[in-house]
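Student: Structure, please.
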Amino acid sequence: MLDNSDAFIALPGGIGTLEENFQIASWAQLNIHHKPIGLLNIDGFFNKLLSFLDQVREENFIPHSVRPIFISVSTAEELINKLEDFVYEPKPIAAQINWSKRNSSKRCKLDLFFHL
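Tutor: Sure thing, here's the model as predicted:
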């Protein structure tokens with residue numbers, strides 16, 4: 001799914017939908033991909049989720065670079081247009097690890113820095 005898609009779209013749903021969205025978002029945080037996640041926000045279904053994401057971003061639990069990949073609109077046509085217009089803006093602080101399966105036999109060195 002990851003290699004064959006240009007974006008991800010979520011319709012209102014339950015735990016499985018949330019799990020898939022957060023898995024894709026965590027991959028973006030790890031620089032595995034730079035693709036947008038479109039939320040078809042029918043009748044404000046995702047409003048509280050988006051508020052939660054804004055809160056955890058402001059409290060520095062997620063990087064500021066992750067929140068912009070979530071694109072939320074109320075119509076399918078508008079969502080497609082916004083996904084097509086999405087441009088990833090790389091952040092210089094992000095990890096630069098090649099996560100592709102093609103290089104899985106090579107070992108990568110990972111340096112971690114913790115800021116308290």
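Student: in the helix of greatest length in the chain, what counts as buried?
Tutor: For the chain, the helix with the greatest residue count under DSSP state H is helix 15-29. Along helix 15-29, these residues count as buried under the neighbour rule (16 or more other CB atoms under 10 Å): 21, 24-25, 28-29. Placement of C-beta: from N, CA and C, glycine included.
Student: Could you double-check that residue 45 lies in contact with residue 10?
Tutor: No: in this structure residue 45 lies outside contact range of residue 10 using CB atoms under 8 Å: 9.7 Å.
Student: Between the two, tell me which one has more neighbours.
Tutor: Taking other CB atoms under 10 Å, residue 45 and residue 10 do not tie; residue 10 has more neighbours (20 against 16).
Student: Run through the bridge partners of the closest residue to residue 8 other than its chain neighbours.
Tutor: What sits nearest to residue 8 in space, not counting adjacent residues and going by CB to CB, 6 or more residues apart in numbering, is residue 37, at 4.8 Å. As for beta bridges, residue 37 partners with residue 8, residue 70 under DSSP bridges.
Student: burial count for residue 37?
Tutor: Neighbourhood size, residue 37 [other CB under 10 Å]: 21.
Student: OK, contacts around it?
Tutor: Counting by CB atoms under 8 Å, 6 or more residues apart in numbering, residue 37 makes contact with 7-10, 21, 24-25, 28, 69-71.
Student: before we move on, back to that, and the longest helix of the chain, what does it pack onto?
Tutor: strand 8-10, strand 37-40 (3 or more CB pairs under 8 Å, 6 or more residues apart in numbering; DSSP states H and E).
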